[in-house]
Structures are given as structure tokens and as C-alpha cells.
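**Q** Starting from these lines, generate the structure:
(one chain, ligands or ions: 1)
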Amino acid sequence: MRILSVVGARPQFVKLAPIAHALEGRAEHVIVHTGQHYDELMSDVFFRDLGIPRPDENLAVGSGSHGAQTGAMLAGLEIVFERYRPDWILVYGDTNSTLAAAIAAVKIHLPVAHLEAGLRSFNRQMPEEHNRVLTDHASDLLLAPTEAAMRHLADEGLAEKGLLVGDVMTDVLYSIRDSVDAAPVPEGVRPGDYYIATLHRPDNTDDPERLRAIIDQLAGLSRPVLLLTHPRLARLAGEAGLKLTRGAVRSVAPLPYPDLVSAVMKSAGVVTDSGGLQKEAFLLRVPCTTVRSETEWVETVELGWNVLVGADVAALRDVVARPAPAPTDAAPYGGGNAAEVVADALLSGG
Ligand code: UD1
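**A** Predicted coordinates for the structure are as follows:
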């Protein structure tokens, strides 16, 4: 059987890793990179560190407006799909690369499986929300990470295509966690005495006033804050004349995945607007503060390990410095074998 994976952005490389390993020796696995992310630290380093085979094709689409970027991918992917005519096209998560691949596939009648199906923020301002809703409705097999995701699929009349497989990011995290346990903390900070922060969502980065208010809050924290600066944040802060390194905040380059896991494990807390990082913090039992009004990973909030700070960021500093949550041994994201379940489902035809 020939399975073709389409990836393009950082979190998708992480999800691809366990899938590539689970398919090894069981299927022909073609990897197509759209080129949505292209910087060394946003792309290449993940393939290297996570042992992912080099992509068979790279469309080198690069950055652009949503329409231009998605459209360029759509046209490029159609040609690649026709060349390989795979038995399954596997798409990951909710980026523009995901939507482009799903549309390109259905137009030429190739079966699509969507990994991370059924997640919803119910916020139609987010490009990811359009991407995931449209991708779910275009797909033939919906590989859901959580019970909540399965419920969303049922609510939209998609229950019959849904399959609860668990979360593949949990697979990667568990496989890396132990090997980085003894690694040193980032330079210049002490174990358990710093925060890790990331910000890249347009909602937070594109309005200079809001961005300034968030950085002000982080700058006032009593522990150092390592702000892992996504290129989008660097560019927009630069354009707004906003200095990111000030007060407690130190702006540093994005980290390779093992270094990120190590840095989060040893931190006092995480402040983020990323989807994946909220869940990774929870799995490592590090308190998280999410700078958004809603989350797709509701279990992290329900279990007390994640607190949302949305429209009004004035409370951010106090929320980050809150007392530690109650311990839990809940495992809403599965036991770390989701990729095996996905491989079995694809190989048995869904
Ligand atoms: C994308 C995904 C988002 C995901 C995130 C992970 C969409 C709509 N968004 O957002 O869901 O959480 O990836 O990081 O698909 N840039 C570079 N170098 C790169 C990549 C981007 O400089 O390698 C800069 C460019 O200025 C670009 C901007 O970052 O315009 C945004 O990149 P883009 O891929 O459009 O969206 P992300 O914000 O990364």
C-alpha cells in the first residue's frame, strides 16, 4: 500500500515522526513538504532530530496571504498526487497545508485521512478553525485524538467516519521525555525558576497594542521568561517598534524539539498561544497559561493544568504566578501508541 503524507508547518513535522516510524516496513510512505515553513529552525531541524526521512517532494511554497499560500499548494499538490496516485493521502492538523491537501485530493477522487480530526475552538476568527472544519468534511477517515473530538464529529454528522486513535504528539513526547531528562537547563536560568513562553497567533501578534500589553505582563514576572520567538513575532514586533527583550523577558530563537521538551520539563510554567504546547505542558505536568479565549484541548483546562487568559490580558501576570494545580494521573490523550493505531487503520483500508 502507498500512503502519502502532506506536511508543511512545524507541528506537523512532530506529528509525522511517529507515523513515519509506524509505517516503516509496512507500507510505501511518500512524504510531501509544501514548504509553508522553510527556515532551518522551523523545518529542517525537526526532520533531523526526530529521525524523519527526507521529504520525497518539496513544493517550496513559502509564505503569503492565506489565499495565495493555500492556492499555490493546491495547484502543486494536485500534480504530485497525480504522479503518485496513493491509496491514502494523510493530512495533519489544521494548517493551510492541511486544507490544500484535502481539497486537492477530493477533487481527483483520492481517499483522504485526517489526523487530529474533530478538534474545535468554535472561534471562526482563527484560520485553523476553517481549515479543520473544511478538512473534516472533505475527508473519508477521521482519526480523532480525544473523546471530545469524537463528540464534535458526531455533532456535525460525521460519526461514521470517525475513529478514536489517541494523540500522536503524546507518542513523540513520551519517546523523547526520558532521553532529555538529564540535559542541562537553558543557559542563564536555574532549574524550576524560569518560564517558557511562545506567541505566534495573529490574534496576539498582529495588533501592536495587544502585543505590547502581553509583553508588559511577561516583563513584570518575578522569574526569567524565555520567549521562543517565532519569525512572525520577530517581524511584527520589529514593525511595531516593540522591544521583546525587556524586564523578565529574554527573546531567544525557537528551539529544536528535544530542547523544547527539556526546557519545558524543567521550567516553572509555560505561557503560550500554541495548541501543541498546551498539551505538552500538561503531559509533562507543568502548569500552562494560554493566551487565548478558547482551546481545542479542553481536558487540560478541566483538569486544572491550563488557564485561559483571553480578551483582557491585565490578569496574565497573576495567573502565570498562581499556585500549582492538584496532581492528576488522567490520560485523556492516550498512552503513547496512537501512531500504531493509525497505521493499522490505514493498512486495513480504514
Ligand atoms: C502556521 C499555522 C499554525 C501553526 C503554526 C506553527 C496556518 C494558517 N497556520 O502559522 O496553525 O500553529 O504554523 O508554527 O497554517 N515565517 C518565516 N519562516 C518560516 C515560516 C514562517 O519567516 O519558516 C514567517 C513569515 O513572515 C510568514 C509568517 O512567519 O509570513 C507566518 O507563517 P505562516 O506559515 O503563514 O503561519 P504561522 O504563523 O507559522
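**Q** interface residues of the stretch 1-150 of the chain facing the ligand?
**A** 9-11, 36-39, 42, 63, 94-96, 127-128 (CB under 6 Å from any ligand atom). Using the backbone N, CA and C atoms, a C-beta is placed for each residue, glycine as well.
**Q** From residue 188, how far off is the closest residue to residue 284 other than its chain neighbours?
**A** Nearest in space to residue 284, with sequence neighbours left out and distances taken as CB to CB, 6 or more residues apart in numbering, is residue 265 at 5.1 Å. Per CB to CB, to the nearest Å, residue 265 is found 17 Å from residue 188.
**Q** So which of the two has more stuff around it?
**A** residue 265 (22 against 10; other CB atoms under 10 Å).
**Q** Verify the stated contact: that one with residue 179.
**A** No: Residue 265 is beyond contact range of residue 179, at 11.4 Å (criterion: CB atoms under 8 Å).
**Q** Please, where are all the helices along the stretch 251-350 of the chain?
**A** For the stretch 251-350 of the chain, the helices defined by DSSP state H, counting those that start in this stretch cover 257-265, 275-283, 298-302, 316-320, 338-347.
**Q** could I have the longest one exported to CSV, CA atoms only?
**A** Which is helix 338-347. Presented in CSV, the C-alpha positions along helix 338-347 are these (Å, rounded to 0.1, in the frame of the first residue of the first chain):
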residue,chain,number,x,y,z
ALA,A,338,-1.6,6.4,18.6
ALA,A,339,0.6,6.1,15.6
GLU,A,340,0.4,2.3,15.6
VAL,A,341,-3.4,2.5,15.7
VAL,A,342,-3.3,5.0,12.8
ALA,A,343,-1.1,2.7,10.8
ASP,A,344,-3.3,-0.3,11.5
ALA,A,345,-6.4,1.7,10.4
LEU,A,346,-4.8,2.9,7.2
LEU,A,347,-3.4,-0.6,6.3
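**Q** residues in contact with that helix?
**A** Residues outside helix 338-347 that contact it (CB atoms under 8 Å, 6 or more residues apart in numbering): 1, 3, 18-19, 21-23, 26-27, 88, 90, 113, 115, 141, 143, 145, 163, 165-168, 170-171.
**Q** Spit out the contact partners of residue 110.
**A** 81, 85-86, 89.
**Q** Now it: phi and psi?
**A** Main-chain dihedrals, residue 110, degrees, to the nearest 10: phi -100, psi 140.
**Q** start the count at 18, not 1, going forward
**A** Okay, using 18 as the starting number, the last item reads as residue 127.
**Q** what about residue 237, distance to the ligand?
**A** Distance of residue 237 to the ligand, computed by CB to the nearest ligand atom, to the nearest Å: 26 Å.
**Q** For that residue, grab phi and psi.
**A** According to degrees, to the nearest 10, residue 237 has phi -90, psi 0.
**Q** Residue 38 too?
**A** Main-chain dihedrals, residue 38, degrees, to the nearest 10: phi -70, psi -40.
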